[in-house]
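>>> Give me a model of this one.
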Amino acid sequence: MKNPFENRALPLNGPAHDILPVIPDDGTDLPEVAVALYVESGGTITFNTVKGAVRTVSVSDFAILPVGVSRVQATGTTASGIHALMVS
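You can find the predicted model right below:
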């Protein structure tokens, strides 16, 4: 199968190379920084940005949150079906 991503620089604006399910955890970072989060069921998400800030935002169902995320916190997160979009 031909891979259209082969021998190309990884753009941050997509497309993502993988999508990983996220289990919110107050003490564990994602395996790598996500370029965005996809949320199936809306609510609030508390997360650590790639710059180290902790943010809480409200999102609707089927939302895409285009921000670099290193951790999704369990405390303060009510949204579910969260997935991390990865480019590497």
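
>>> Would you list the phi and psi of residue 63?
Main-chain torsions, residue 63, degrees, to the nearest 10: phi -90, psi 150.

>>> bridging residues for residue 58?
Here residue 58 sits in beta bridges with residue 44, going by DSSP bridges.

>>> Roughly how far does it sit from residue 30?
Relative to residue 30, residue 58 is positioned 21 Å away (Cβ to Cβ, to the nearest Å). (C-beta placed from N, C-alpha, C; glycine too.)

>>> Ok, residue 74 next?
Relative to residue 30, and taking Cβ to Cβ, residue 74 is found at 13 Å.

>>> Looking at those two, which one has more neighbours?
residue 30 (18 against 13; other Cβ atoms under 10 Å).

>>> Isn't that one up against residue 21?
No. Look at residue 30 against residue 21 with Cβ atoms under 8 Å: they stay out of range, at 10.7 Å.

>>> intersection of neighbour lists for the two?
The contact sets of residue 30 and residue 21 do not overlap (Cβ atoms under 8 Å, 6 or more residues apart in numbering).

>>> in this structure, which ranges drop under the pLDDT threshold?
1-14 (pLDDT under 70).

>>> if we go to 90?
1-17, 87-88 (pLDDT under 90).

>>> so what's residue 71 closest to, chain neighbours aside?
residue 48 (4.1 Å; Cβ to Cβ, 6 or more residues apart in numbering).
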